[in-house]
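>>> I need the structure of the sequence given here:
(2 chains, ligands or ions: 2)
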Amino acid sequence: MSLDSNQLPTRRDEAWKWTDVRGHADGQAGLSAAGRPKFTLPEGVTIAEVPRDDLDTDTPMAKLARSFGGKVWAIDVPAGLQPSGPLIIENLNRGHIRIRIDIGKGAKLSVIEHHAGDSGSFTNLDMTVTLKASAELDRTLIHHDPDDAMRVVTAHITAWNEAKIVQQALSFGGNLSRLETRLAGMGKHIEAVLNGAYLLDGKRHTDMTSYIDLTAPDCTIRQAVKGVVTDKSRGVFQGKFHVRRPAQQTDAEMRHDALMLSDAAEVRSKPELEIYADDVECAHGNTIGQLDESALFYMRQRGIPLGQARALLTEAFLTEVFDDMADEDLKISLLEKIQNWLAVT
Amino acid sequence: MLKINNLTAAVDAGQKTILEGLSLEIPAGEVHAVMGPNGAGKSTLSYVLTGREGYDVTGGKVELEGENLLDMDPEERAAKGVFLSFQYPLEIPGVPTMTFLRTALNAQRKARGEEEMSAPEFLKKSRALAKDLKIKPDMLKRPLNVGFSGGEKKRMEIFQMMMLEPRFIVMDETDSGLDVDALRIVADGVNRLRNPDRGMLIITHYQRLLDYIVPDKVHVLAGGKIAASGDADFAKKLEAEGYDAYAA
Ligand SMILES: Nc1ncnc2c1ncn2[C@@H]1O[C@H](COP(=O)(O)OP(=O)(O)O)[C@@H](O)[C@H]1O
Ligand SMILES: [Mg+2]
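Ligands and ions are numbered 1, 2, ... in the order given. Next comes the predicted model:
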């Protein structure tokens, strides 16, 4: 069976208006095939291939993953387990992939995902994560595709009472890429940090989309996404906080800040708050700007060459997004990737 | 050392001429003060000397030790030893003061073909200097000038100046925002830098600073040029009588 391109989202779908999957998918390798990821498991964490996924992941890309991704990789973190090492997921290089992670009560899991495709590939990862009460997830996405590769990554995260999530995504884009996070807050007192940074050059495209749906009181959400676009690249940020009536005392903050380093680059952003509870603190902010010319002159007056001055200011602009990372080595490796990108751009 | 000859410069995309044939020579080892009313073009002169965009030279020459400064990028001028203490120092968010300064110092050294300063040597030197200037070590870890008071920013300019050891120094209204104690600390620092190989141009609005840093010559900038010159006592006369006599 091969994929009918009519099943792919298009610009006509409101949620995909800036990321035209159908318009780019033709002829990409892996469009109708299952992918073969590689997992490195921490001690005590188990994996099994199961035929189905009983969670309701009803997005168009999730349906495609169900049709073409084959069995589900089901990963289980038993209650109370706090492994010392991370779960590492690699070889996310083409095809449809379904992963399900269950983090038991009081358990903790760090996940590091390496999103790097084959040339000309199409990758669709559909991931469902459930955090039981007091469970913790620390998720890091590192995304760097060839400039002819396509990728959609969707995480459907369900969190119960007192769950904690820290997520950071670093994306250098691809021909067309979307990193989407959907968080269903089902319990009280959930804390989530959902940060991201995109750095794009050439004609690369990254879309960071998130939908946070809160249904219980006393949750704290911090979201900061920062982007740097140059050449003819395009960054997209779509963020929505949906605070339902019972979700009183929600404290939620969404920020998206982008730097345009060239006139031909584009940034599209749509921050949204939909709030039905009356006793909440919710805020969002969105800025698109350029590097400060007077700061650049000041740095040059001190002897710092223009290119280096730009790189320093840009790096300083981005790094705040990674302040919450617990793994210092991982954080340093992300910052090095940013520095390397800045050094050649 | 620094020779400015018949310099003309405009701002506002060439629409507004500010300097109209300014000539000034500052020999090595000397400290010259430039005074003048608000809006006379003193800061414009400092930006023209350091190559800021938007300050267009429309005529004349500026040479440092015989080299044409006007052809150089700002960072090249800095590497040649030109330092400006800004009237309004800029905030550099996210870049810790020490990182900033070490990057600047080593970039200058690299441009001059010198060896970089090692991290321990840099640390030692900066700590000693911070102590002299009564700068709290904690401030050096914070992003440069972000959230600093006006006086702290000015002191930080002097700190950078003393770390970079430039050959030619331009100080633009360094005294504004400083209380008497801070003024004394800053002046001590500047006086320590006075030596036979170094030249300084001190731009000021008030005579006060010149009680502490006694200049070799004092000039009035008015009508886009040097309208009058004298010795250190001339500053006192200017303060008492004002600049009306020199208005264009
Ligand atoms: N970037 C600029 N754009 C437009 N006008 C400027 C700019 N910089 C300075 N000026 C104008 O040039 C004149 C001289 O300013 P300035 O050099 O700052 O004087 P001073 O430092 O002597 O007070 C003023 O009229 C000022 O408004
Ligand atoms: Mg001025």
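>>> ok, residue 231 - contacts?
Just so you know, I chose chain A. Each residue near residue A:231 by C-beta atoms under 8 Å, 6 or more residues apart in numbering or on different chains is listed here: A:200, A:201, A:202, A:203, A:262, A:264, A:265. Heads up, the C-betas are built off the backbone N, CA and C, glycines and all.
>>> try chain B instead
By C-beta under 8 Å, 6+ apart, the contact set of residue B:231 is B:216, B:217, B:218.
>>> Let me see the domain layout of chain A.
Residue ranges for the domains of chain A, per automatic domain parsing: A:5-288, A:291-345.
>>> Which of the contacts of residue B:231 sits closest to ligand 1?
residue B:218 (15.3 Å; C-beta to the nearest ligand atom).
>>> Is the closest one within a helix or a strand, and which one?
Residue B:218 belongs to strand B:217-222 when assigned by DSSP states H and E.
>>> next helix or strand past that strand?
Following strand B:217-222 in sequence order, the next helix or strand is strand B:225-230 (DSSP H and E).
>>> Next, count neighbours for the closest residue to ligand 2 within chain B.
At 3.2 Å from ligand 2, residue B:43 is the closest residue in chain B, using C-beta to the ion. By other C-beta atoms under 10 Å in any protein chain shown, the residues close to residue B:43 number 19.
>>> ok, now which ones touch residue 87?
This is for chain A. By C-beta under 8 Å, 6+ apart, residue A:87 lies in contact with A:39, A:40, A:41, A:42, A:45, A:75, A:101, A:109, A:110, A:111, A:112.
>>> look at chain B instead
Contacts for residue B:87 were tallied using C-beta under 8 Å, 6+ apart; they are B:43, B:46, B:172, B:173, B:176, B:203.
>>> What parts of the stretch 151-300 of chain A come near chain B?
Proximity of the stretch 151-300 of chain A to chain B is confined to A:292, A:293, A:294, A:295, A:297, A:298, A:299, A:300 under the rule C-beta under 8 Å from any C-beta of the partner chain.
>>> which residues of chain B score low on pLDDT?
Per-residue confidence for chain B (pLDDT under 70) gives these ranges: B:248.
>>> Does residue B:143 touch residue B:99 like I think?
No - using C-beta atoms under 8 Å, residue B:143 is not in contact with residue B:99, being 9.2 Å away.
>>> got the buried residues for stretch A:289-301?
Judged by neighbour count using 16 or more other C-beta atoms under 10 Å in any protein chain shown, the buried positions of stretch A:289-301 are A:295, A:296, A:297, A:298, A:299, A:300, A:301.
>>> The residue in chain B positioned nearest to chain A: what's it in contact with?
Taking C-beta to the nearest C-beta, chain A has its nearest neighbour within chain B at residue B:94, 2.5 Å off. Applying C-beta under 8 Å, 6+ apart to residue B:94 gives the contacts A:313, A:315, A:316, A:317, A:319, A:320, B:143.
>>> Just the buried residues of the residues you listed.
A:313, A:315, A:316, A:317, A:319, A:320, B:143.
>>> wait, isn't the fifth one in contact with residue A:337?
No - in terms of C-beta under 8 Å, residue A:319 does not count as a neighbour of residue A:337; the distance is 11.7 Å.
>>> thinking again about what came up before, reformat the contacts of residue B:231 as TSV; add neighbour count and distance to ligand 1.
Output for the contacts of residue B:231, formatted as TSV (neighbours: other C-beta atoms under 10 Å in any protein chain shown; distance: C-beta to the nearest ligand atom, whole Å):
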residue	neighbour count	distance to ligand 1
B:216	16	21
B:217	19	18
B:218	25	15
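>>> Closest one to residue A:9 out of those residues, please.
Of all the contacts of residue B:231, residue A:9 sits closest to residue B:218, with 73.1 Å by C-beta to C-beta.
>>> quick revisit: comparing the domains of chain A, which comes out most buried?
domain A:5-288 (a mean of 20; mean count of other C-beta atoms under 10 Å in any protein chain shown).
>>> Tell me how far that one lies from the chain's centre.
Centre-to-centre, domain A:5-288 and its host chain are 4 Å apart (C-alpha atoms, centre = their mean, to the nearest Å).
>>> just to revisit the earlier point, adding secondary structure, write the residues of the stretch 151-300 of chain A next to chain B out as a markdown table.
Rendered in a markdown table, the data for these read as follows (DSSP: H, G, I helix; E, B strand; the rest coil):
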| residue | secondary structure |
| --- | --- |
| A:292 | coil |
| A:293 | helix |
| A:294 | helix |
| A:295 | helix |
| A:297 | helix |
| A:298 | helix |
| A:299 | helix |
| A:300 | helix |
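>>> out of those residues, which one sits closest to residue A:246?
residue A:292 (44.0 Å).
>>> In space, what's closest to that closest one - neighbours in sequence excluded?
Among residues not flanking residue A:292 along the chain, residue A:313 sits closest, at 7.2 Å (C-beta to C-beta, 6 or more residues apart in numbering or on different chains).
>>> now for whichever strand or helix holds residue B:202, which elements pack on it?
Following DSSP H and E, one finds residue B:202 within strand B:199-204. Helices and strands touching strand B:199-204, by 3 or more C-beta pairs under 8 Å, 6 or more residues apart in numbering or on different chains; DSSP states H and E, are strand B:16-26, strand B:31-35, helix B:42-50, strand B:168-172, helix B:209-212.
>>> can we see that at 6 Å?
Applying 3 or more C-beta pairs under 6 Å, 6 or more residues apart in numbering or on different chains; DSSP states H and E, we find strand B:199-204 packed against strand B:31-35, strand B:168-172.
>>> mind checking which of these is nearest residue A:136?
That would be strand B:168-172 among the helices and strands packed on strand B:199-204, by C-beta to C-beta, at 53.4 Å.
>>> List the pairing partners of that closest one within its sheet, with orientation.
Its sheet considered, strand B:168-172 pairs with strand B:82-85 (parallel), strand B:199-204 (parallel) by DSSP bridges.
>>> CSV for these, including distance to residue A:270 and mean neighbour count?
Listed next are these as CSV, based on distance: least, C-beta to C-beta, whole Å; neighbours: other C-beta atoms under 10 Å in any protein chain shown:
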stretch, distance to residue A:270, mean neighbour count
strand B:82-85, 43, 26
strand B:199-204, 49, 24
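>>> Verify the assumption that residue A:313 is located in a helix.
Yes - judged by three-state DSSP, residue A:313 forms part of a helix.
>>> tell me the SS of residue B:109?
With three-state DSSP as the basis, residue B:109 sits in helix.
>>> What distance do you get for it to ligand 1?
31 Å (C-beta to the nearest ligand atom, to the nearest Å).
>>> how deep is that residue tucked in, by neighbour count?
16.
>>> what's it in contact with, if anything?
For residue B:109, the contacting residues are residue B:116, by C-beta atoms under 6 Å, 6 or more residues apart in numbering or on different chains.
>>> Return the nearest residue of the stretch 201-345 of chain A with respect to ligand 2.
For the stretch 201-345 of chain A, C-beta to the ion, closest residue to ligand 2: residue A:294, 14.5 Å.
>>> give the contact list for that residue.
residue B:90 are the contacts of residue A:294 under C-beta under 6 Å, 6+ apart.
>>> okay, it: pLDDT?
We have a pLDDT of 95 for residue A:294.
>>> SS state for residue A:124?
Residue A:124 ends up strand, using three-state DSSP.
>>> ok so, going back, can you tell me which of the buried residues of stretch A:289-301 lies nearest to ligand 1?
Using C-beta to the nearest ligand atom, the shortest approach to ligand 1 within the buried residues of stretch A:289-301 belongs to residue A:297, at 11.3 Å.
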